[in-house]
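# Kindly generate the corresponding structure for this input.
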Amino acid sequence: MTVVVLDTNVVVAALRSGGGRSRSVLRRAIDGRDVPLFGTTLWLEYEEILGRGVADGATSRAERETVLAALVTAGRWVQIYYGWRPNLPDEGDNHLVELALAGNAESIITWNPRDIAHGDLVWPGLSVQTPQDYLEDTS
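Numbers count the residues shown, from 1 in each chain. I've put the predicted structure just below:
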């Protein structure tokens, strides 16, 4: 099992599409093949974005809540005790790196890898990948 951090854009894309790479990554986590990490900031972001109905039309609110419940059951909650502030171009992405470091994740899976991989701090052993790249590496 690989320990991963799933960026919100991957979860949203998974719920919007009837299939695709994001859906496959989400299924891997829910099926227990990967261990997704959660922290307060990421979980609140999931709830806020999915609560807004960004996946409306593709999923109902009840379906989104069911997916989040399955995801939290499959994952591990991590407390972040140290703020690294990797100084990413989007300050709102720093929490993903901090969560990955606190939980010893092997990969951050996102549709915006350049935004996360190019901070001032670099950690060997932590990859930042698109869902497509991640799935290719794990197959």
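# Next, count neighbours for residue 17.
Using other C-beta atoms under 10 Å, residue 17 has 13 other residues around it. Where you see a C-beta, it was placed from the backbone N, CA and C, and this is true even at glycine.
# Does it touch residue 25 like I think?
No - between residue 17 and residue 25 there is no contact under C-beta atoms under 8 Å: 11.4 Å.
# Find the residues that touch each one of the two.
With C-beta atoms under 8 Å, 6 or more residues apart in numbering applied, the contact sets of residue 17 and residue 25 do not overlap.
# So which elements touch the least confident helix or strand in the chain by mean pLDDT?
Within the chain, no helix or strand scores below helix 113-117, which has a mean of 80 by mean pLDDT, DSSP states H and E. Applying 3 or more C-beta pairs under 8 Å, 6 or more residues apart in numbering; DSSP states H and E, one finds that helix 113-117 contacts strand 127-129.
# neighbouring contacts of the strand it packs on?
Contacts with strand 127-129, where a contact means C-beta under 8 Å, 6+ apart, come from 106, 107, 108, 109, 110, 113, 116, 117, 137.
# Then stretch 18-31?
For stretch 18-31, the external contacting residues (C-beta under 8 Å, 6+ apart) are 4, 6, 10-11, 13-15, 17, 34-36, 58, 67, 70-71, 74-75, 109, 111, 130-132, 134-135, 138.
# try 10 Å this time
The contact list for stretch 18-31 (C-beta atoms under 10 Å, 6 or more residues apart in numbering) reads 1-2, 4, 6-7, 9-17, 33-36, 58, 67, 69-71, 73-75, 109, 111, 129-136, 138-139.
# Now do the buried residues in that stretch.
21, 22, 23, 24, 25, 26, 28, 29, 30 (16 or more other C-beta atoms under 10 Å).
# Can you name the helix or strand that the first one falls in?
Following DSSP states H and E, one finds residue 21 within helix 20-30.
# taking the mean pLDDT, what do you get for that helix?
Across helix 20-30, pLDDT averages out at 95.
# what does stretch 74-88 give?
For stretch 74-88, mean pLDDT rounds to 80.
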